[in-house]
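[1] dropping a prediction and its sequence here:
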Amino acid sequence: MSNTAEMPASAGESAAVGGEYERQPVPARARLGFKNFIGMYAGEHTAGTELMIGPLFVLAGVAAFDVVVGLLIGNLLAVLSWVLLTAPIATRVRLTLYCQLEKIAGRYTVILYNLANGLAFCFLAGAMITVSATAVGVWFGFPLPTLADLTPNSLGWVLSVLGVGLVITLVAAYGYRFVSWFANIAAPWMVLIFLGFGIVSLKWFIDATGAEAGSASDLWALAETAIWTGVHVPGQPDFSIWHVIFFAWFANMAMHVGMSDLSVLRFAHKSWYSIASAAGMYVGHFMAWLAASMLFAFQMYEAGLTSDAAVLAAAEAGQIPSPLPGPLADQALGVAGLICVIIAGWTTANPTIYRAGLAFQAVIPSASRFRVTIGTGLLTTCVALFPGVAMQLLDFVALYGLLLMPIGAVIFIDFWVLPKLGLKRFYADVAGLKMTLPVLGTWLATLAICLGLVQLAGIEIFFVALPGWFIATGLFIALSFIAQRKSRVSKRNVASTVAESSDLVRE
């Protein structure tokens, strides 16, 4: 057991604002069991946004083999990233991402990072509120946004977003335990509803095509010829199996490779609890994505959009169906589907707003996390008013993960590699620095290189994060050598840091 993770009860309670331990390691008495993480990951990743991402695969012209095999591989890589990269550090240090990064990078660097991180989380959670609002729109019958809408298109839309956003904000403000409890209650039911979406849409295809469905080969033939046909809609990304693999792997890059889930997994008793992420990946990012894409694929089939020529003509006439979760769910399962979309948006946005609140609270640590989270939720709700964020979700998710990826590489190298090279872990804390060139330089240079590869070399954004991670690790090691060799740190501080590092690793 790490000495840094254990503390007297009185000290823990006085320093942990609201019991969330924002500024110090989570003590043993506050840690959570495995089932809490099963519910949290299943609830967060079996969510309303799955009803957006699934249809976007169809719009991207993905083929049956590419989407099924690509999702199997990509989601496995995502689970391994949580298990091998994030959880071992989270359960040794037990600090939030923001507190740990402050020790590595310095206060001013973290302020910049937290602002970028918090804003990115707000946009992501805003898309989830948008998803729930589409179900409210079906219920009350006001006009919903189309694929081309970027701004609010009706008063009803504005009021529904505000109502959903307020509820989600209040749940997130009450802290991680309440978020986890909410997810555990909702997740099992939502999984059944998403399974129902897939079963219903499959029946529609069988009835409409008259296809045989007596064997697995019959179903596969139906999938290839009628569901995932590979017909691409102009103006949308054009996906191959590699796009699917890398998108599934890096859809949550900010959480695992980018280390944001240090803030969540610090509550886990054991590192292996991170295997619970498989509940989210294979229930949400496999089954739910496929089921949602089948719902939208049937809309395309009914509209006769099964060939490149038909899709091109419909796109030019502005007649491509809009991939809105509310109408899709209502068509499949009626009221039960609408309720699922509303609650699914909640269970995803709740932990996302919680993380964003932690990011902003780290900028102003004297402020109450509850009040900061309320403010974060209001900002997120304003973002949700603009449906264009959700309509461009594939590209936004890739950009969001790329923004936070270099910091994950920094944390990984700082914890595991620097001590082995004779360099100091938590260097900013040791040297008393407010800003460190190694972290800030690595972050900005990596982003510049990756975006340069996208803009100048024409490499798609889905493929630059993996080489970007290795670029970031190399830059951080090189810049750390330069910075630490030039500085002089007192022997007392060095000895203190070595002792602290040994404690962290011993756990």
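    Sure thing, it's come through. Residues are numbered from 1 along each chain as shown.
[2] which neighbouring elements make contact with the strand or helix carrying residue 58?
    Using DSSP states H and E, residue 58 sits in helix 50-59. Judged by 3 or more C-beta pairs under 8 Å, 6 or more residues apart in numbering; DSSP states H and E, helix 50-59 is in contact with helix 107-140, helix 289-302, helix 325-363, helix 393-416. In short, each C-beta sits where N, CA and C put it, glycine included.
[3] and the next element down the chain from the longest one?
    Spelled out, it's helix 325-363. helix 369-384.
[4] cool, and the first one?
    Scanning forward in sequence from helix 107-140 by DSSP H and E, the next helix or strand is helix 155-173.
[5] what residues sit buried inside that next one?
    Residues of helix 155-173 classed as buried by neighbour count (16 or more other C-beta atoms under 10 Å): 156-157, 160-162, 164-165, 167-169, 171-173.
[6] export it as CSV, just CAs?
    Taking C-alpha atoms only, helix 155-173 is exported to CSV below (Å, rounded to 0.1, in the frame of the first residue of the first chain):
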residue,chain,number,x,y,z
LEU,A,155,-38.1,27.5,-29.9
GLY,A,156,-39.1,24.0,-28.9
TRP,A,157,-35.6,22.8,-29.6
VAL,A,158,-34.1,25.4,-27.4
LEU,A,159,-36.5,24.7,-24.5
SER,A,160,-35.9,20.9,-24.7
VAL,A,161,-32.1,21.3,-24.7
LEU,A,162,-32.3,23.6,-21.7
GLY,A,163,-34.5,21.2,-19.8
VAL,A,164,-32.4,18.1,-20.5
GLY,A,165,-29.2,20.1,-19.8
LEU,A,166,-30.4,21.2,-16.4
VAL,A,167,-31.2,17.6,-15.2
ILE,A,168,-27.9,16.3,-16.4
THR,A,169,-26.0,19.1,-14.8
LEU,A,170,-27.6,18.5,-11.4
VAL,A,171,-26.7,14.8,-11.5
ALA,A,172,-23.1,15.4,-12.4
ALA,A,173,-22.8,18.1,-9.7
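[7] work out the gap between that helix and the centre of the chain.
    20 Å (C-alpha atoms, centre = their mean, to the nearest Å).
[8] contact partners of that helix?
    Residues from elsewhere that reach helix 155-173, judged by C-beta atoms under 8 Å, 6 or more residues apart in numbering: 125, 128-130, 132-133, 136-137, 140-145, 152, 178-179, 182, 342, 345-346, 349-351, 353-354, 357, 370, 373-374, 376-378, 380-381, 384-385, 387.
[9] quick revisit: worst mean pLDDT among the helices and strands packed on helix 50-59?
    Lowest mean pLDDT of those: helix 325-363, a mean of 83.
[10] re the thing from before, just the buried members of the contacts of helix 155-173?
    125, 128-130, 132-133, 136-137, 142, 144-145, 179, 182, 342, 345-346, 349-351, 353-354, 357, 370, 373-374, 376-377, 380-381, 384-385, 387.
[11] count the neighbours of the nearest residue to residue 418 once chain neighbours are set aside for me.
    Counting by C-beta to C-beta, 6 or more residues apart in numbering, residue 418 lies nearest to residue 425, which is 5.6 Å off, once chain neighbours are set aside. Look at residue 425: counted by other C-beta atoms under 10 Å, it has 22 neighbours.
[12] residue 425 against residue 417, yeah?
    No - in this structure residue 425 lies outside contact range of residue 417 using C-beta atoms under 8 Å: 9.5 Å.
[13] what's the local residue count around residue 207?
    Residue 207, neighbours per other C-beta under 10 Å, totals 9.
[14] and the angle from the helix holding residue 58 to helix 107-140?
    For helix 50-59 against helix 107-140, the angle by axes from the mean of the first three to the mean of the last three C-alpha atoms, to 10 degrees is 90 degrees.
[15] with only the CA atoms kept, save helix 50-59 in PDB.
    Only the C-alpha atoms of helix 50-59 are listed here, as PDB (Å, rounded to 0.1, in the frame of the first residue of the first chain):
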ATOM      1  CA  GLU A  50     -24.300   5.600 -30.300                       C
ATOM      2  CA  LEU A  51     -27.500   6.400 -32.200                       C
ATOM      3  CA  MET A  52     -25.500   9.200 -33.900                       C
ATOM      4  CA  ILE A  53     -22.200   7.300 -34.500                       C
ATOM      5  CA  GLY A  54     -23.900   4.200 -35.900                       C
ATOM      6  CA  PRO A  55     -25.700   6.100 -38.700                       C
ATOM      7  CA  LEU A  56     -22.600   8.000 -39.500                       C
ATOM      8  CA  PHE A  57     -20.900   4.700 -40.400                       C
ATOM      9  CA  VAL A  58     -23.600   4.100 -43.000                       C
ATOM     10  CA  LEU A  59     -23.200   7.700 -44.400                       C
END
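[16] which residues sit against it?
    67, 127, 131, 194, 228, 232-233, 236-237, 239, 244, 251, 284-285, 288-297, 300, 320, 323, 325, 328-329, 341, 344, 390, 393-394.
[17] could you list the buried residues of that helix?
    Quick answer for helix 50-59 (16+ other C-beta under 10 Å): 50-59.
[18] excluding its backbone neighbours, what's nearest residue 111?
    Closest to residue 111 by C-beta to C-beta, 6+ apart is residue 363, at 5.3 Å.
[19] hang on, the one you found packs against residue 116?
    No - using C-beta under 8 Å, residue 363 is not in contact with residue 116; the gap is 11.0 Å.
[20] now the common contact residues for these two.
    Residues touching both residue 363 and residue 116 by C-beta under 8 Å, 6+ apart: none at all.
[21] regarding the residue nearest to residue 418, what is its secondary structure?
    Three-state call for residue 425 (DSSP: H, G, I helix; E, B strand; the rest coil): coil.
[22] next one: phi and psi at it?
    phi -80, psi 150 (degrees, to the nearest 10).
[23] before we move on, the earlier item: can I get the buried residues of helix 155-173 in a markdown table including pLDDT and distance to residue 470?
    Listed next are the buried residues of helix 155-173 as a markdown table, based on pLDDT from 0 to 100; distance: C-beta to C-beta, whole Å:
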| residue | pLDDT | distance to residue 470 |
| --- | --- | --- |
| 156 | 91 | 49 |
| 157 | 92 | 44 |
| 160 | 91 | 44 |
| 161 | 92 | 40 |
| 162 | 93 | 44 |
| 164 | 88 | 41 |
| 165 | 89 | 39 |
| 167 | 83 | 42 |
| 168 | 80 | 37 |
| 169 | 84 | 38 |
| 171 | 76 | 39 |
| 172 | 74 | 35 |
| 173 | 77 | 39 |
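[24] and which of those residues is nearest residue 81?
    residue 172 (24.7 Å; C-beta to C-beta).
[25] name the nearest residue to the closest one, ignoring sequence neighbours.
    residue 353 (3.9 Å).
[26] quick one: the one you found and residue 372 touch, right?
    No - using C-beta under 8 Å as the test, residue 353 is too far from residue 372 to be in contact (10.5 Å).
[27] quick one: low-confidence parts of this protein?
    Applying pLDDT under 70 to the chain flags the ranges 1-20, 48, 175-180, 182-184, 186-187, 488-507.
[28] tally of neighbours for the spatially closest residue to residue 138 that is not a sequence neighbour?
    Nearest non-adjacent residue to residue 138, counting by C-beta to C-beta, 6+ apart: residue 326, 4.3 Å away. Using other C-beta under 10 Å, residue 326 has 24 other residues around it.
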